[in-house]
Each structure stands twice: as structure tokens, then as C-alpha cells.
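**Student:** Show me the folded form of this:
(2 chains)
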Protein chains: 2
Amino acid sequence: MAIYLDNAATTCIDEAVKAAMLPYFQEHFGNPSAIHSMGRPVRAAIEKARKTIAQHLNASPAEIFFTSGGTEANNTVLLGCVKDLEVQHIITSPIEHHCISHFVEFICQNSNVQSHILSIDRKGHINLDELADLLGKLQEKTLVCLMHSNNEIGTMLDIEAVAHLCKEHGALFHSDTVQTFGYYPFDLQKLPIDFMVCSAHKLHGPKGVGCLYIRGDHKIKPLLHGGSQERNMRAGTENVMGIVGLGKAVELAYAKREENEKHIQGLKDYLIEQLTTHFEDIQFNGDYNGRSHYKVLNVSFPPNQYNQMLLFNLDVAGICASGGSACSSGVNQASHVIQAIQTDPNRTPIRFSFSKYNTKEEIDALLAQLKEILNRD
Amino acid sequence: MAIYLDNAATTCIDEAVKAAMLPYFQEHFGNPSAIHSMGRPVRAAIEKARKTIAQHLNASPAEIFFTSGGTEANNTVLLGCVKDLEVQHIITSPIEHHCISHFVEFICQNSNVQSHILSIDRKGHINLDELADLLGKLQEKTLVCLMHSNNEIGTMLDIEAVAHLCKEHGALFHSDTVQTFGYYPFDLQKLPIDFMVCSAHKLHGPKGVGCLYIRGDHKIKPLLHGGSQERNMRAGTENVMGIVGLGKAVELAYAKREENEKHIQGLKDYLIEQLTTHFEDIQFNGDYNGRSHYKVLNVSFPPNQYNQMLLFNLDVAGICASGGSACSSGVNQASHVIQAIQTDPNRTPIRFSFSKYNTKEEIDALLAQLKEILNRD
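**Tutor:** Numbers count the residues shown, from 1 in each chain, chains lettered A, B, ... in the order given. Here you go, the predicted structure:
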């Protein structure tokens, strides 16, 4: 079995999530919109998942909408804000996931909406003063769209400061929380965020399902049109098995959140310490020992003849890590995130990302392989 | 266990489909875009499913794109035709599924595209001459959008005649084949259709996944923007387990297609014969004994004090049927389909829809219950 250190790309489905999903193959296969005995328990299962998720956010179940994943959820927010909430300006950053940045570009090319890209420092942080200045200047309705934790370098937004700043200026605030949902606590009675999203497969749930939080007073139209599912917010027969899995994954993630954080942060700290001790001229990308997601560590080794092949050699040794976002894998150039934080272009960044299933022994095995690969003659 | 006669709404997952999906919970959980050992076999599984589906359509794998289901696939075609293929007119029918009709309305309200609704006869058939006339008159690029089999009454389009008519007139042709994919053979080297769609859960596959066929020379843009998945046609981490299940479901459906058709048609014929023999003044809606899907039978019993409660009473007796489309269940009025074929408004239509799992004994049990319920004093 491989040593899997690519948990920001996707995660293994938890045994309890699998167990929760299994009855929906054959026992409870009905259409949740059907009013007969094969439909009603299926509808109830969807509503139970919605309630579970809402409770963990301190939100109302009516504010949670199921989607086919993070991309659809993020696209829905952007399109809805522009089409239905009269947004004229989108303030965003250069290190957003492509499902935000590409769609913002698409919207701006096809409408009068203007985008404003904040600068970021070399750790990947925005400047709150710059954001405040910009919000002060823009007269028309504005959406601020900033991810909670960057998927490649782990740098985290001061989401509370941004939310309050947006509220002060009457701007809408959407955060792509795909990497933090289930990993950090959210209290939406206190945090004045307007939209946030979740992708089940990032937190030991299934692929192909996610959800969208929309604060109660915002009325946006669906991205997908058709049946009246999800109270007319998302047409199409519900991915019941996926929704049940998502609900269970969220429940589990928050039940053991602090314990998991402690374990995973311990692995990250240990890897940082060992790399610093045993390798020369290591660089860590992002705010790795500051405001950073505990599950992500992005490392650059010094230029070296084995560097370009490092990921390949780790893979041969049974260790799965990545060069950045999985969505851009195979693209042979530095990612937009790595370019934006201006790291040394001669260094190849590697992202290690951890889960509750990783062990110190696995980190030791990684370190042993790194030593062997990088010290070859 | 209930007697399940609502297979046009959704179907039970086949045991072999479940078996094919199970390894994707934990054994093969990697991100298909990852280039390491946990990603590559997952990518291969997706491409295998794509190839299977393409082979059964006599199409190229490059023409198959996975989506979150039929609604997304249908929406993608409509939006793409209007935005990218310069379609100015959409010719459609009054009995399309809402994911077509509502989205056509939405598009026409938000652009200069004009819709043209063909008339239908009381069996639910369009008039080919009317379509030919209209195609002859329209000067700008036109999309013809007609479902292959109606989900409520089973009436089937002469898809070959329409496809050839569209080709003659240089119009694009999209058919919503959600109810027929896996139930009827398609040879896309012979059938000049431009787009068709599939929803896995209609053919004993999982909910939340489907696919879209786009004939090779059409370049349309994605509905969901973000990562470069599905060759830039559908952003978002792939629903791998669902895609594998869809591939297996299509394989199984075509492996035993003729056998299943014979079995299911037999059940339908038996129910028609028994209802005609044992009940007075029965009406069958749609072209039930003509060009009709073998899995659907839509019946109206004569006005009767028990009629309004018939579905409820069947449900109490453990028999699952529906009043029409599941997507509109709970809405207390005749569906747009039933209204369009001008049936007696005092009669309540009931849709029985069958699968390979139904038996003659189940039909007998249904008949016994119908007799009991409708003859109560």
C-alpha cells in the first residue's frame, strides 16, 4: 500500500461514511421526490444530512443546498451574485482555485462586471488595508471572493477580519472553504459570511457531492434548471448516497476535529523539523509556521539534478505527493499560486498534505526516501 | 418489501454495478488528475467507462463527457448551442422534461433566441410535416430538441425520421434520451443525432452521474468552469465511483437488452390485458400499444370516489407507483404532459413503470389491490 500524502487533492472515504452510504444502493433506492414508501425515507435521509451540516455551522437547514461538488457550488455563487444580486465588482486574489478564477474571467468577459485582483505577499496573504481601501472606493454592489485556505500552500485568510470588513462596507463575502470545511470550526451566527462551500471528498466523503451555504436573505437563482429539487435551487434527482455520505463525513469531521487537528499538526511539525535538521537549504512555501492549514506543507528543495524527478522517484518508492493542485497535474509549469508568491523559479515545489490516517512512521519513511533520492550520485 | 412500479422515476442499483463501485470507496480513492500511483488506476477506470459507453453507441470515446446527471447534461447542450453554436431558434414540444422546457424558457427570456413549440396529438406524437414546414421557414441556425421517450406516458419519438429531417435542413438535433439510454439500441454512425444524454439511475446505476454525447465536430463550452477535467468540458473532481457505476450499468443494460425488453414488455402487455378485461372504462394515456416505451404504462381509471386516493391506497398496500414525473410529485395539479394530451380532467392518471426485476406475481398483486380499492363501498 502506498504512503498517501496527497490529502488536499482527495481523501480516502471513512469506513463509517461508507457504512452510512451502503443502504442507499439497494435498500433505500427510491427517488426522494416520490411520495410513496420507497421515496419518503430517502427524502428524510437528505433532510437529516442537511440538518447535520447546518447544526455544525450554526446555520439553518434552509440555508444549505446540495450540489455536485465544490466547483458547482462556487460557480453557483458567482453567477447568482452577478445575475440576481446586482454585483458589479468582484474583488478576488491571484491564488484562488480555477473554479473561481476562471469563472470570474468568464463572467467579466461576458458582462459589465469588473474584477479587482488584490496583491498578495510572499506568504500568500492579502493586505487588509488594500481591501478596505478598495471597498471604500467602489460605489456599486461588490462581491469579495477569497478562499479560506489555499489548496497548494495552505496559507489561511483572516476570514473573520474580511467578513467584518465586508459587512462594514455593505459588500457580499464568499469564501471558497473547500479545504477548511470540516477542518476548522465555523459559527455562522457570529461570522458574517454570505456564502461558503464544501466538497465531500476533501473530508473523507465521496466524490461528486458537496454543498453550498447561502445566508437566508439572499435570493439567487439556480445554475441548473429543471425540476424543483432543493427548493428550486438545484434541479436534478438528488445524489442521495453522496448526500448521506457528505452528512456523515461532516458529522465525523466535527466529532473528532480537535483530536484530528492535533494529530495532523503534529505530523506537519515533525516533517518541518526533520527536513530542517537533515536537509540543507530547504524552503517552505506559504506561511507554513504561521497562519497555515495544518494539513498542508509545501516544500522546495534546492536546485539539484534529481529535483525535477523528485515526485516521480517518490512515486516509484510508493509515496504519493503532488506538485500542486491535482486539477492542474500534468501541466508542466509552475502553478499560478507558486508564481504569485514569487518563489525561486529554479526550485520545484512539492506539496505534502496529511490526513488523520497518516502516521509518524509514514513521515519517517518519506524522510528516508528523500534522503536516498536527493543524495544519489 | 414493497412492489416497486416506479422505475421511470429511478431504479434499484444492480448488484453487479454495486460490486463494480465498491473498490472506489477506499481501495482506489485517488484523484484521477493525480499523476501518482493512487491516481493513475482511477483515471484508467474513468476512461474504461467512457470507452464502454462509446462502444455501445458506436461513437468515439472523445464524444462522451461525464456529468452529474441528465439535468446537467441537458442544460449543457442547450446553453452550448445558444452560446457557442449560434443557435437562434429552438424547436421543442410541450411535453419535454422540465430540465429542457424550463431552461428553454430561461434562455429565451435572457437572450434573443426564439422558441417554437410543436403541436402534439392526443397520443403525444409530434407532426413531422409541421416540423419540416417550420425547419423550411426558419433562416437562422436552429436546434430541434425533442425527447426520445416521454417519461410520463411513454410515447416515443420517431428519432430516425427527426434526425434525418434535421440533417436535411442543416438544423442541430438534441434528444433527451434519459428514459431510453440502455433500453433501446443506438448506432450513432447511422443515426445523425448531434447530442444525447444519459442518467445512470434510470438504468440500475447510481444517482448523481450521467453523461453527454456531443458529435465530434461541435465545440461547445462547459456549463461548469474551473479545472480542466473532461478535456475542459466539465470542471470539478470526477465522481469516479459514479462514473464506474454508470459504465457498468450501460454494459449490463446492453448485454441483456433484448431479454429485458421481452420480459418488461410482457409485464406491460399482461397488465393492459388484465386491466381491460377486469375493469370498466379504463383509459390508457399515450400511444400505449403503438410507439411507446415498453417500461411505461400510464392509466386513467374512470371518475370514482376512490380515484383521488388511489395512489395513496396503493402505497398503503405496499405498491409504489406515481402520478407522473417524480420531479413534480406533491404538486397537486395535472402535469404539463397530461394537460398537453387533453385527457379527461376528471380522471387521475397513474404511471406504472417496470424494470427487469418486476415479476408477473407482482402485477397480479397490483391487480388484486386495484380490484379491492376500486370496488370498496
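**Student:** Please make it C-alpha for all contacts and neighbour counts, starting now.
**Tutor:** OK.
**Student:** Could you measure from A:Val42 over to B:Leu246?
**Tutor:** A:Val42 sits 21 Å away from B:Leu246, going by C-alpha to C-alpha, to the nearest Å.
**Student:** Who has more neighbours out of these two?
**Tutor:** Neighbour totals were compared for A:Val42 and B:Leu246, and B:Leu246 leads with 32 against 24 (other C-alpha atoms under 10 Å in any protein chain shown).
**Student:** ok, now which ones touch that one?
**Tutor:** B:17, B:49, B:200, B:205-206, B:209-210 (C-alpha atoms under 8 Å, 6 or more residues apart in numbering or on different chains).
**Student:** Break chain A down into its domains, please.
**Tutor:** For chain A, automatic domain parsing gives the domain ranges A:3-10+A:257-374, A:15-255.
**Student:** a markdown table for these, including distance to B:Ser175?
**Tutor:** Below are the domains of chain A laid out as a markdown table (distance: least, C-alpha to C-alpha, whole Å):
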| stretch | distance to B:Ser175 |
| --- | --- |
| domain A:3-10+A:257-374 | 31 |
| domain A:15-255 | 16 |
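**Student:** quick one, which of these is nearest to B:Pro222?
**Tutor:** With C-alpha to C-alpha as the measure, domain A:15-255 is the member of the domains of chain A nearest B:Pro222 (10.7 Å).
**Student:** Can you give me the end-to-end span of the closest one?
**Tutor:** 15 Å.
**Student:** What ranges does the stretch 101-250 of chain A have for its helices?
**Tutor:** Assigned helices in the stretch 101-250 of chain A, in chain order: A:128-137, A:159-168, A:229-232, A:240-255 (criterion: DSSP state H, counting those that start in this stretch).
**Student:** ok, of those helices, where does mean pLDDT dip lowest?
**Tutor:** Lowest mean pLDDT within the helices of the stretch 101-250 of chain A: helix A:229-232, a mean of 91.
**Student:** mind listing what's buried in that helix?
**Tutor:** Of all the residues in helix A:229-232, those buried under the rule 16 or more other C-alpha atoms under 10 Å in any protein chain shown are A:229-230.
**Student:** same check, this time on stretch A:132-148
**Tutor:** Of the residues in stretch A:132-148, A:135, A:141-148 count as buried by neighbour count, 16+ other C-alpha under 10 Å.
**Student:** Mind putting those residues into CSV with distance to A:Asn358?
**Tutor:** Listed next are the buried residues of stretch A:132-148 as CSV, based on distance: C-alpha to C-alpha, whole Å:
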residue, distance to A:Asn358
A:Leu135, 42
A:Lys141, 45
A:Thr142, 42
A:Leu143, 38
A:Val144, 35
A:Cys145, 32
A:Leu146, 29
A:Met147, 25
A:His148, 23
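**Student:** Mind checking which of those land in strands?
**Tutor:** Within those, residues falling in strands by DSSP state E are A:142-145.
**Student:** Next to chain B, which bits of the stretch 151-300 of chain A? Give me the list.
**Tutor:** A:206-209, A:224-229, A:235-242 (C-alpha under 8 Å from any C-alpha of the partner chain).
**Student:** rerun that using 7 Å as the cut-off
**Tutor:** Within the stretch 151-300 of chain A, the positions near chain B by C-alpha under 7 Å from any C-alpha of the partner chain are A:207-208, A:224-228, A:235-240.
**Student:** Nearest to chain B: which residue in the stretch 151-300 of chain A?
**Tutor:** Residue of the stretch 151-300 of chain A nearest chain B, by C-alpha to the nearest C-alpha: A:Gly226 (3.3 Å).
**Student:** Could you list which residues are in contact with that residue?
**Tutor:** By C-alpha atoms under 7 Å, 6 or more residues apart in numbering or on different chains, the contact set of A:Gly226 is A:235-236, B:71, B:98-100, B:102-103.
**Student:** In PyMOL, select just the buried ones from those.
**Tutor:** In PyMOL, this line selects whichever of those come out buried by 16+ other C-alpha under 10 Å:
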select buried, (chain A and resi 235+236) or (chain B and resi 71+98+99+100+102+103)
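**Student:** In TSV, list the contacts of A:Gly226 along with distance to B:Ser292 and pLDDT.
**Tutor:** Formatted as TSV, the contacts of A:Gly226 follow (distance: C-alpha to C-alpha, whole Å; pLDDT from 0 to 100):
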residue	distance to B:Ser292	pLDDT
A:Ala235	27	94
A:Gly236	24	95
B:Thr71	23	97
B:His98	20	95
B:Cys99	22	96
B:Ile100	21	96
B:His102	25	95
B:Phe103	26	95
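**Student:** which one of the contacts of A:Gly226 is nearest B:Met309?
**Tutor:** Nearest to B:Met309 out of the contacts of A:Gly226 is B:His98 (C-alpha to C-alpha; 25.9 Å).
**Student:** How much space separates the closest one from chain A?
**Tutor:** Distance of B:His98 to chain A, given as C-alpha to the nearest C-alpha, to the nearest Å: 5 Å.
**Student:** Please name the spatially closest residue to that residue (chain neighbours excluded).
**Tutor:** With sequence-adjacent residues excluded and distances taken as C-alpha to C-alpha, 6 or more residues apart in numbering or on different chains, B:His98 is closest to A:Gly226, at 4.5 Å.
**Student:** cool, A:Ser292 as well?
**Tutor:** Nearest non-adjacent residue to A:Ser292, counting by C-alpha to C-alpha, 6+ apart: A:Thr155, 4.4 Å away.
**Student:** Quick check: the farthest pair among the buried residues of stretch A:132-148?
**Tutor:** For the buried residues of stretch A:132-148, with distances taken as C-alpha to C-alpha, the pair at the greatest spread is A:Lys141 and A:His148 (21.9 Å).
**Student:** Reformat the buried residues of stretch A:132-148 as JSON lines; add distance to chain B.
**Tutor:** Output for the buried residues of stretch A:132-148, formatted as JSON lines (distance: C-alpha to the nearest C-alpha, whole Å):
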{"residue": "A:Leu135", "distance to chain B": "26"}
{"residue": "A:Lys141", "distance to chain B": "21"}
{"residue": "A:Thr142", "distance to chain B": "21"}
{"residue": "A:Leu143", "distance to chain B": "18"}
{"residue": "A:Val144", "distance to chain B": "18"}
{"residue": "A:Cys145", "distance to chain B": "15"}
{"residue": "A:Leu146", "distance to chain B": "15"}
{"residue": "A:Met147", "distance to chain B": "14"}
{"residue": "A:His148", "distance to chain B": "17"}
